[in-house]
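S.K.: generate a structure from the sequence data that follows.
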Amino acid sequence: MRRQPNLSFPFAFFAFSVPSAGHLRASCSRILRVAASALLAARALTANAALPIERIRLPPGFHIEVLSDDVPSARAMTLSPKGILYVGSQDGHVYALELRNGRVTGHHVIASGLQIPAGVAWHEGALYVSAVSKIVRFDAIDAHLTDPPKPVVVTDKLPTETHHGWKFIAFGPDGKLYVPQGAPCNICERDPDRYALIARMDPDGSHYEVVARGIRNSVGFAWHPVTHELWFTDNGRDLLGDDIPSDKLNRAPRLDMNFGFPYCHGGDTPDPEFGKDHPCSEFTPPVVQLGAHVAALGMRFYDGPMFPADYRNNIFIAEHGSWNRSKKVGYRVVRVITDPDGSHARQQVFAEGWLQPGESVWGRPADVLPLPDGSLLISDDTAGAIYRVTYSAP
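M.R.: Reported below is the predicted structural model:
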């Protein structure tokens, strides 16, 4: 549902009596927040005049609807226990959507001007946001959606490169914040303790350690509901042709495993420049090859009560879609069915239709998130939308 932007706020400013300096600063701050919200809403009204949601194809019994179409550049999502959906973006903003009974009852911009704040994570009353070289924290944010606190810097020691520098972040079962750092290139050999890895730290930014290496760029990870092992997507390198190497779904049952970058791609493709002395057999193979250039991003395990029983503990993956393949692929959400140890893995298309005949594209899935009621959210950074998928027996 679109909200009509209120553009009358500038005139109200001139009706104020002469304020104190502190009152003036506070008033200006409020006005700027309202201005940002109004302009973003106006942009959404123009960009998303009519999302063709009827074009999305799903398995029988599943239904999709637009939860919100005014979340420009929507990327990663996280949900607070109070039912507030926080959404990161690629354009500097962080959004908060108040949810009730599968509907948005409030829309807020809680931050702006951050550097590519794509990742968001909820932990003990605070929202953590990635901003390339920084992780920042908004304390008690649920109670301050209209007057957000200043962000607290958790760490500012991460690499500054923006090439693969935006981050999906999440808290693991161990209570630590997991933070990836992609390779600052298409293909290169850089410090393995600083790039092409997933690391973790305490919530205050201390005790940083590398968890897994040889990961070109992971923009989605989650922990198995039963084994609590880390699983993650990984984007394959470019410029080796249309069909190699494959993006991957990986499993890391222990620390310090190496998944091959920059020496081996897709589990079976040696790099022509760096792979000569490092055969693929040296590295951990993927659970599933997802396909070349599909751009696998956000992933989550499904353990909700709504979908059929055979969906339990399956993985949903948002495929953002190719940008440099001669024939486009991806632009969909896939379902991976696998045993907890990664055996008997197979994938199926779950939702498609953002890529149309003639290769026109009207949306690109970026993240997925199951809600407590069992429905599934999908973010779309091209349409600036959040979709909600539900199920009722056909």
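S.K.: ok, residues contacting stretch 322-330?
M.R.: In this structure, residues lying in contact with stretch 322-330 by Cβ atoms under 8 Å, 6 or more residues apart in numbering are 238-239, 242, 291-296, 319-321, 355, 359, 361. For glycine as for every other residue, the C-beta is placed from the backbone atoms N, C-alpha and C.
S.K.: of those, buried ones?
M.R.: G291, A292, H293, V294, A295, A296, E319, H320, G321, L355 (16 or more other Cβ atoms under 10 Å).
S.K.: so where's the stretch 101-250 of the chain uncertain?
M.R.: Counting by pLDDT under 70, the stretch 101-250 of the chain contains no low-confidence residues.
S.K.: which residues sit in contact with the spatially most central residue of the chain?
M.R.: A centroid search over the chain (Cα atoms, centre = their mean) returns A76, at 2.7 Å, as the residue closest to the centre. By Cβ under 8 Å, 6+ apart, the contact list for A76 reads V87, G88, A118, G119, V120, F168, I169, G298, A366, D367, S379.
S.K.: need the contact list for the fifth one.
M.R.: The one in question is V120. For V120, counting by Cβ under 8 Å, 6+ apart, the contacting residues are A76, M77, T78, Y86, V87, G88, V94, L127, Y128, V129, S130, I169.
S.K.: cool, and the first one?
M.R.: Applying Cβ under 8 Å, 6+ apart, one finds that V87 lies in contact with V71, A74, R75, A76, M77, V94, Y95, A96, L97, V120, S379, I386.
S.K.: how about the strands in the stretch 151-300 of the chain?
M.R.: 152-155, 170-171, 177-181, 197-201, 209-213, 221-223, 230-234, 246-252, 257-258, 264-265, 269-270, 288-292, 296-301 (DSSP state E, counting those that start in this stretch).
S.K.: tell me where the protein has helices.
M.R.: In the chain, the helices defined using DSSP state H lie at 9-13, 21-47.
S.K.: rank these by pLDDT, which is bottom?
M.R.: Lowest mean pLDDT within those: helix 9-13, a mean of 30.
S.K.: what's the local residue count around E124?
M.R.: Other residues lying near E124 total 8 when counted by other Cβ atoms under 10 Å.
S.K.: which residues does it contact?
M.R.: P203.
S.K.: wait, A385 sits on V66?
M.R.: Yes - using Cβ atoms under 8 Å, A385 is in contact with V66, at 5.8 Å.
S.K.: which residues are in contact with each of the two?
M.R.: Joint contacts of A385 and V66 (Cβ under 8 Å, 6+ apart) are L51.
S.K.: if you count what's nearby, which of these two comes out ahead?
M.R.: Taking neighbours as other Cβ under 10 Å, A385 and V66 compare with A385 leading, 23 against 17.
S.K.: quick revisit: just put the contacts of A76 in TSV and tack on distance to R200.
M.R.: Formatted as TSV, those follow (distance: Cβ to Cβ, whole Å):
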residue	distance to R200
V87	23
G88	19
A118	18
G119	14
V120	17
F168	13
I169	10
G298	18
A366	23
D367	20
S379	24
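S.K.: on that earlier part again, closest one of the contacts of V120 to G113?
M.R.: V94 (10.3 Å; Cβ to Cβ).
S.K.: rewinding a little: so which of the contacts of A76 wins on neighbours?
M.R.: Neighbour max across these (other Cβ under 10 Å) = G88, 34 neighbours.
S.K.: hang on, isn't that one packed against V94?
M.R.: Yes - with contact defined as Cβ under 8 Å, G88 reaches V94; the gap is 5.9 Å.
S.K.: okay, and the common contacts of these two?
M.R.: With Cβ under 8 Å, 6+ apart as the test, G88 and V94 both reach P117, V120, V129.
S.K.: now do the contacts for the first one.
M.R.: Going back to what we said before, that points to P117. G88, S89, G92, H93, V94, A111, V129, S130, A131.
S.K.: tell me which of those fall in strands.
M.R.: Counting by DSSP state E, the part of the contacts of P117 found in strands is G88, S89, V94, A111, V129, S130, A131.
S.K.: closest to H265 out of the residues you listed?
M.R.: Closest to H265, out of all of these and judged by Cβ to Cβ, is S130, at 25.2 Å.
S.K.: how far away is the closest one from V94?
M.R.: 10 Å (Cβ to Cβ, to the nearest Å).
S.K.: who has more neighbours out of the two?
M.R.: Remark: of S130 and V94, S130 carries more neighbours, 29 against 25, as counted by other Cβ under 10 Å.
S.K.: hang on, that one packs against G165?
M.R.: No - contact between S130 and G165 fails when scored by Cβ under 8 Å: they sit 9.3 Å apart.
S.K.: ok, G353 to Y331 distance?
M.R.: Using Cβ to Cβ, which is the criterion applied here, G353 is 8 Å from Y331.
S.K.: okay, the two: which has more neighbours?
M.R.: Y331 (25 against 17).
S.K.: what separation is there between that one and R55?
M.R.: According to Cβ to Cβ, Y331 stands 11 Å off from R55.
S.K.: need the residues touching each of those two.
M.R.: Common neighbours of Y331 and R55, using Cβ under 8 Å, 6+ apart, are W354.
S.K.: tell me how this protein divides into domains.
M.R.: Listed domain ranges for the chain are 1-47, 56-391 (source: automatic domain parsing).
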